[in-house]
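Asker: build me a model from this:
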Amino acid sequence: MFAKIWTGVALVVFAWWCSGCASNSGSATESISISPQAVAIGPGASERFTVVSGASPASVTWSVNAILGGNSNVGTIDAQGNYTAPSTTNGLAATVTATTAGTPSESSSASVIVVAPGQVAPTINPQVALYTISPPAAANVSVQFGTDTTYGLMTWQQPAAGAGLASLFVAGMRASTAYHMRAIVQFANGAQFADADHVFTTGALPANQLPQWTVTTTAGMTPQPGVEMLDLAVDGPATQVAVTDLAGNVIWTYTYVGSPVDTVQPIKPLPNGHFLVVISAASSIYIDNGTVPPGTINVAREIDLVGNTIREISASTLNTELTAAGYNVVINGMHHDIEPLPNGHWIAIASTTKQFTDLPGYPGTIAVQGDVLIDLDTNLNPVWVWNTFDHLDVTRHPISFPDWTHSNAVLYSPDDGDLLLSMRNQSWILKIDYNNGTGAGDIVWRLGEGGDFTLQNGTDPTDWFTAQHKPSFVTSKTSGVYSLAVFDDGDNRTFPAGVTCGASGAPPCLYSAVPILQLDETAKTATLVFDDRLTPLYSFFGGNAEVLANGNVEADACAISTSPPAGTILEVTQTATPQVVWQMNVPTSYVYRGFRMPSLYPGVQW
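Answerer: Alright, predicted model coming up:
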């Protein structure tokens, strides 16, 4: 009896004792946690770490890189968790640890990255700064900049390898202006560092190097945000390329050394942040004059934001490469356009000349100039060549013969890997079987008067484009059923029987237009879905047309006057009665191409 009672008491006492032991054991082994888990600060800066769970702040000790309290090399930390970075450092990645005093002890660690201040330096381009910073761990870096410390503009983000140097060109600034800028460093562990503010003053633009222009925005209307790239067709040493903000302020330029007949045709942004340019004399110079002035250059060139040449190929080098690769063609020069492809190749347009005897209407021997397309691989070697003389009838020459084809734009179709080629002097756009470099080069179709498509919702032949420039895709789809915008210069426009252009009540004989055509490649129909007749504007050469992200249409009327040369760029609504939203008038220069870009950086919208 007594044995049973004492046994029961012992069990109760043991249970109470074990319960207490379990509770003590649980609190001793509960995980400790501190906050924040990752920080990035500058030299001499401080950061407070706190215990957020697992122990009271008074029961922990703090260390940096396993050094109790840290030291001057890795930074110090006090008993309250206040960490102070070394005041002088080229960069540091440290670990702060909080450890409990219990048995067994528990610990929690956080990452501290100390980033040395960046540096800003001028470049040979007065409107471009070089910003360098050295993150001590893998990170992505961008730069904020603006005329005050609210910044407002940003470069794109570029990776910096672990303990490596990040160098970014900061471009998009007005000349002779003080700008504030700071780097934003985003580390893989989530920590972000904002560098100290730097002030950089841009240089002045060379005097008398740019034509003047005026910009107007229609009251109550908002243009598509971004910047305007101007490819100026000017003679002599004047600047050929300029980028402006939408108020018309110059924020970037490119110049080069050449002869008075050199022009940039064209300039295009590349995915790597560079630009692709072709610098050449007008293609017709080889037929008109036979030679070019001394000092004339003819190159396809990749440049960076400063204007440094990254790589290039000249027409003479390309001729050598063509011969070495077994292509039986000699080019006069590259001209008018070049198309960068997703695989890094470039499709260049070049002219070539061939002798003919006793062509209809041309007795005797005549030199005829046609065009070739050349696929340059990533090493700038020719790997595919297409020649107009192999695929078109030389006796068809609507205008300007013997400058037979005068191609002025090439466009890559991502859907099927084929090429579209705009031929001014044929008033045709061709689709060519390129098939990403494996195609036979056959002409798939010809778009324009006398081609393979029936014009719908328009007057044939008047509403077919003539002497056109620079088509562009309107839809994301680029084969089957899709849409193209075209700049229709309107040279040699023809009218239906019984219509006398220029007469009372009749249309003018010469006007430019911006048609958008919906193509059905199977049915061979071209439906006119938009047609902005720019009357009274008439651009006898050059120009381009695109549909912007906001749905408006931008058109560059390159050459609306010859004395002096002048051009106009318009952004208009895509409505039945188009309204002008934004307009740039350039009264002293042709504008071979003018187009809206989101910013000077890929993937960044200003």
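
Asker: list the buried ones in the stretch of helix or strand Lys268 belongs to?
Answerer: Assessed by DSSP states H and E, Lys268 sits inside strand 263-269. Going by neighbour count (16 or more other CB atoms under 10 Å), the buried part of strand 263-269 is 263-269. For the C-beta atoms, the positions are set from N, CA and C on the backbone; glycine is no exception.

Asker: repeat that for stretch 572-581.
Answerer: 572-574, 578, 581.

Asker: quick check: the farthest pair among the residues you listed?
Answerer: Pairwise distances across these (CB to CB) peak at 10.5 Å, for the pair Gln574 and Val581.

Asker: touching both of those two, which residues are there?
Answerer: Counting by CB atoms under 8 Å, 6 or more residues apart in numbering, the contacts common to Gln574 and Val581 are Asn552.

Asker: show me where the stretch 101-250 of the chain has strands.
Answerer: Remark: strands assigned in the stretch 101-250 of the chain by DSSP state E, counting those that start in this stretch are 107-114, 119-122, 128-133, 139-146, 153-154, 158-160, 166-171, 178-187, 192-194, 198-201, 214-217, 227-233, 241-244, 250-254.

Asker: so which of those strands is nearest His406?
Answerer: Comparing these by CB to CB, strand 227-233 comes nearest, at 15.1 Å.

Asker: that closest one pairs with which strands?
Answerer: Paired with strand 227-233 in the same sheet, following DSSP bridges, are strand 241-244 (antiparallel), strand 590-597 (antiparallel).

Asker: what angle do it and strand 263-269 make?
Answerer: 160 degrees (axes from the mean of the first three to the mean of the last three CA atoms, to 10 degrees).

Asker: relative to strand 250-254, how tilted is strand 227-233?
Answerer: Using the same axes, to 10 degrees: strand 227-233 against strand 250-254 is 40 degrees.

Asker: so which residues make contact with strand 227-233?
Answerer: By CB under 8 Å, 6+ apart, the list of residues contacting strand 227-233 reads 172, 210-211, 238-246, 251, 263-267, 542, 558-559, 565, 569, 584, 586, 589-600, 606.

Asker: which of those are buried?
Answerer: Of the contacts of strand 227-233, these count as buried by 16+ other CB under 10 Å: 172, 210-211, 239-246, 251, 263-267, 542, 558-559, 565, 569, 584, 586, 589-600, 606.

Asker: residues near the closest residue to Val261 other than its chain neighbours, how many?
Answerer: Distances taken as CB to CB, 6 or more residues apart in numbering put Ala281 closest to Val261, at 4.5 Å, once the chain neighbours are dropped. Neighbours of Ala281 under the rule other CB atoms under 10 Å: 24.

Asker: how near is Ala281 to Thr263?
Answerer: As for Ala281, its distance to Thr263 is 7 Å (criterion: CB to CB, to the nearest Å).

Asker: in contact with Asn457, which residues?
Answerer: Applying CB under 8 Å, 6+ apart, the residues contacting Asn457 are 527-529.

Asker: where does it land on pLDDT?
Answerer: For Asn457, the pLDDT comes out at 98.

Asker: pLDDT below threshold where in this structure?
Answerer: 1-30, 162-163, 235-237 (pLDDT under 70).

Asker: so it: which segments form each domain?
Answerer: Split into domains by automatic domain parsing, the chain comes to 34-114, 126-201, 207-255+448-606, 263-289+296-439.

Asker: end-to-end on the third one?
Answerer: One end of domain 207-255+448-606 sits 28 Å from the other (CA to CA, to the nearest Å).

Asker: and for the second one?
Answerer: The separation between the terminal residues of domain 126-201, taken as CA to CA, is 9 Å.

Asker: now swap in stretch 443-452 and tell me
Answerer: 11 Å.

Asker: that older thread, so the residue nearest to Val261 touches Thr296, yeah?
Answerer: Yes: if you go by CB atoms under 8 Å, Ala281 and Thr296 touch, sitting 5.5 Å apart.

Asker: what touches both of these two?
Answerer: 259, 261-262.

Asker: among the residues you listed, name the buried ones.
Answerer: Buried among the shared contacts of Ala281 and Thr296 by 16+ other CB under 10 Å: 261-262.

Asker: closest one to Thr97 out of the shared contacts of Ala281 and Thr296, please.
Answerer: Asp262 (64.5 Å).

Asker: and that closest one, what is it in contact with?
Answerer: Taking CB under 8 Å, 6+ apart as the test, what Asp262 contacts is 256, 279-281, 296-297.
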